[in-house]
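Chemist: need coordinates for the below:
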Amino acid sequence: MFETTPPKNSLTQLQGNLYAPHGPQPMEGRDESYFRKPSTLKLDHVYYERSKPQYESYPASAFLSAREHGAVGDGVTDDTAALNALFKAVAAADFSTIAFLDAGYYLVTDTVYVPAGALIVGEPLAAVIMGAGAKFSDINNAHPVVIIGEPGEVGRIEMSDVIVSTKGAAAGALLIQYNLDTPAAQGTCSADLPPSGLWDVHTRIGGFAGSGLQVAECPITPDVPNHIDASCIAAHTSMHITPSAGNLYMENNWLWVADHDIEDLNMTRITVYAGRGLLIEASRVWLVGTSVEHHTLYQYQLVNASDIWMGQIQTETPYYQPNPPAPFPFTQRSAAYYDPDFDADCLGNPHNFEFNNGTQTLALAGSPPCAMAWGLRVLSSENVLVFGAGLYSFFNNYQTNCSQATAGENCQARMFAIGPTAEGAGAAGTMAMARDLSTVEIYSLNTIGTVSMVTRQGTDMALWGDNYVNFASTLAVFRF
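Modeler: I've put the predicted structure just below:
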């Protein structure tokens, strides 16, 4: 068990590592004092939850088929205008109609906009909105495939059983941008004013028929140093919940960059690149049973967020790293997306660092690479509660020897970071440090393949060998 209680008013003291955590300590049983329950995340006396709506009280006539309203869904025809018209129509119906996405691949060449008031249901595991074309091509300028609410828009939506993907090279594709602010009753949940909801809404990047990102196009190259095929750079970011958003409930969402070809009987591995996983800058967000995997820079990242509940989250580092290492191919850091600075992360801490042929390497046990994707970064955020986290690094350049306990769990150096954030970029592109974060609490943190389980402002707080259980290294409680 780890518990940290340093003063919150001295960034200099924290950076100087004058305060150490009180732990690790053995813990058995359940101590109520460790389990806070902020009222902003509760309904009555328990954390808010809501099952996927089934709309069983709606007549069949209330469901508006995408196919019957002009969309083709063949993966070739441009369905951008048809989907925009459909979603606009259901949003104007004041929750009396529901957009139904029949099974199909709905190719879009520009942003699809989901207004407040929309109810959208897809045919399970078969309704795919797929971005492709020039609008999604600039690796340094994100262009949304799906936007839910414009910045500043207020209202409520519900969406379930929809997959958002890309087709071919789409280095600038932001698959889901969520801007909508849903009203809450005096800052707490109520049955009359529920949060907006996304159930079984996934991003799937590559690895499926029609994606142009399968074995034939994106084979693995473990024996070729730092090889990058630009035609396999398939997304900028999976999902961004922006600062204007709030009061969102997400359940069973998987943001996945393909590590293998799902159409191949042997599940042959592939190499597909997507920059960022889930970036949250909002308030009052519930994540129930979510997973973010194989993004180059980070999987989950919270920046200036507040009142965030995360239950049973799971991450995996890209299997190809460190060949090439992070941040490649996303080498131009984005201030808008608070991209990690791997040079600073891998050099500015108390551990001994060395240069090996010009590559920065963290000299922890086994000298694992440091420039690899973060599983979770929490920056300048308040009231972050995580109940169950599995942050995994099974591979190093497609080899699994590094994730075995006998090898020292040394696929990568670090996985989970807590620290101050960057408040934008200056003229030289450097980012200024901002206020320190307040409260982060994790119950049952499990890691595989990483030496340092928790890193706070450059200081490694917990190492795998001190907390090894069996399958994973586990911290019962970490509080800061």
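Chemist: show me the shaky parts of the chain.
Modeler: Low-confidence segments of the chain, defined by pLDDT under 70: 1-25, 27-30, 32, 185-187, 348-367, 420-438.
Chemist: and the helix ranked longest in it, what does it pack onto?
Modeler: In the chain, assigned by DSSP state H, the helix with the most residues is helix 80-91. For helix 80-91, the packing partners by 3 or more CB pairs under 8 Å, 6 or more residues apart in numbering; DSSP states H and E come out as strand 63-65, strand 98-101, strand 104-108, strand 112-114, strand 119-122. From N, CA and C alone the C-beta is placed, and that goes for glycine too.
Chemist: and that helix, what's buried?
Modeler: For helix 80-91, the neighbour count (16 or more other CB atoms under 10 Å) marks 80, 82, 83, 84, 86, 87, 90, 91 as buried.
Chemist: pretty sure residue 47 is touching residue 307, no?
Modeler: No - in this structure residue 47 lies outside contact range of residue 307 using CB atoms under 8 Å: 11.3 Å.
Chemist: anything in contact with each of the two?
Modeler: Common contacts of residue 47 and residue 307 (CB atoms under 8 Å, 6 or more residues apart in numbering): residue 41.
Chemist: which of those two has more residues huddled nearby?
Modeler: Using other CB atoms under 10 Å as the criterion, residue 47 and residue 307 rank with residue 307 on top: 21 against 16.
Chemist: now the strands: where do they sit in the stretch 251-400 of the chain?
Modeler: 254-257, 273-280, 283-288, 291-293, 298-303, 306-316, 353-356, 359-362, 374-379, 382-392 (DSSP state E, counting those that start in this stretch).
Chemist: residue 141 is nearest to which of those strands?
Modeler: strand 273-280 (12.0 Å; CB to CB).
Chemist: tell me which strands and helices that closest one is in contact with?
Modeler: strand 233-241, strand 254-257, strand 291-293, strand 298-303.
Chemist: mind checking which of those strands is nearest residue 451?
Modeler: Of all those, strand 298-303 comes closest under CB to CB, at 18.0 Å.
Chemist: and the closest one, what does it pack against?
Modeler: So strand 298-303, by 3+ CB pairs under 8 Å, 6+ apart, packs with strand 273-280, strand 291-293, strand 306-316, strand 374-379.
Chemist: okay, the ones you listed, which one's buried deepest?
Modeler: strand 273-280 (a mean of 28; mean count of other CB atoms under 10 Å).
Chemist: which strands border it, and is each parallel or antiparallel?
Modeler: Note on strand 273-280: by DSSP bridges, its sheet partners are strand 233-241 (parallel), strand 298-303 (parallel).
Chemist: restricting to C-alpha, output the shortest one in CSV.
Modeler: Spelled out, it's strand 298-303. The C-alpha coordinates for strand 298-303 follow below in CSV (Å, rounded to 0.1, in the frame of the first residue of the first chain):
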residue,chain,number,x,y,z
TYR,A,298,-0.1,7.7,-24.2
GLN,A,299,-3.2,5.7,-23.6
TYR,A,300,-5.2,7.6,-20.9
GLN,A,301,-4.3,11.3,-20.2
LEU,A,302,-6.1,13.6,-17.8
VAL,A,303,-5.2,17.3,-18.0
